[in-house]
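*Asks:* Structure, please.
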Amino acid sequence: MVEAKNKNKGNKGGDGDPGPSVKDPEMYEALRDDGAGKEKAARIANAAAKEGRGEVGREGGKSDAYEEWTVDELRDRARELDIEGRSSMNKEELIEALRDR
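*Replies:* This is a model prediction of the structure:
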């Protein structure tokens with residue numbers, strides 16, 4: 001009987017070992033436990049190892065809530081997104097249309 005060889009030597013599959021390409025196995029396992037896919041978990045874990053955990057996942061800049069925008073600002077944004085009927089919408093309707101995008 002001939003024994004099959006394991007072609008994927010780095011990742012034994014199913015044993016929890018992410019393989020040698022994952023630079024932060026602890027973070028990888030935590031992400032997998034939280035439901036992240038293998039590729040996404042590996043990508044985030046490797047970025048954390050490279051840039052430091054504090055840098056990974058940091059959110060970008062935040063803009064003001066639409067409620068704080070003027071109607072003209074909302075219409076300008078609606079024009080950028082090519083929302084039809086924007087010129088006849090009131091502030092609440094503009095906000096709803098923008099959030100639906």
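
*Asks:* now residue 66: how far from residue 76?
*Replies:* 12 Å (Cβ to Cβ, to the nearest Å). Bear in mind the C-beta positions are built from the backbone N, C-alpha and C, glycine included.

*Asks:* My error: substitute residue 64 in the last question.
*Replies:* Look at residue 64 and residue 76: by Cβ to Cβ, they are 14 Å apart.

*Asks:* same question, residue 27
*Replies:* Distance of residue 27 to residue 76, computed by Cβ to Cβ: 41 Å.

*Asks:* Between these two, which is the more surrounded one?
*Replies:* Neighbours were tallied for residue 27 and for residue 76 using other Cβ atoms under 10 Å; the higher tally belongs to residue 27 (21 against 12).

*Asks:* Show me what counts as buried in the helix or strand hosting that one.
*Replies:* Here residue 27 sits within helix 25-33, counting by DSSP states H and E. Within helix 25-33, the residues that count as buried by 16 or more other Cβ atoms under 10 Å are 25, 27-29, 31-32.

*Asks:* any chance of those residues in CSV, with distance to residue 38 and pLDDT too?
*Replies:* What follows is the buried residues of helix 25-33, written out as CSV (distance: Cβ to Cβ, whole Å; pLDDT from 0 to 100):
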residue, distance to residue 38, pLDDT
25, 13, 87
27, 13, 83
28, 9, 87
29, 11, 89
31, 9, 84
32, 7, 88
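
*Asks:* ok, these vs residue 81, which is closest?
*Replies:* Of all those, residue 81 sits closest to residue 31, with 32.7 Å by Cβ to Cβ.

*Asks:* Does that closest one touch residue 44 like I think?
*Replies:* Yes. Assessed by Cβ atoms under 8 Å, residue 31 is found in contact with residue 44 at 5.8 Å.
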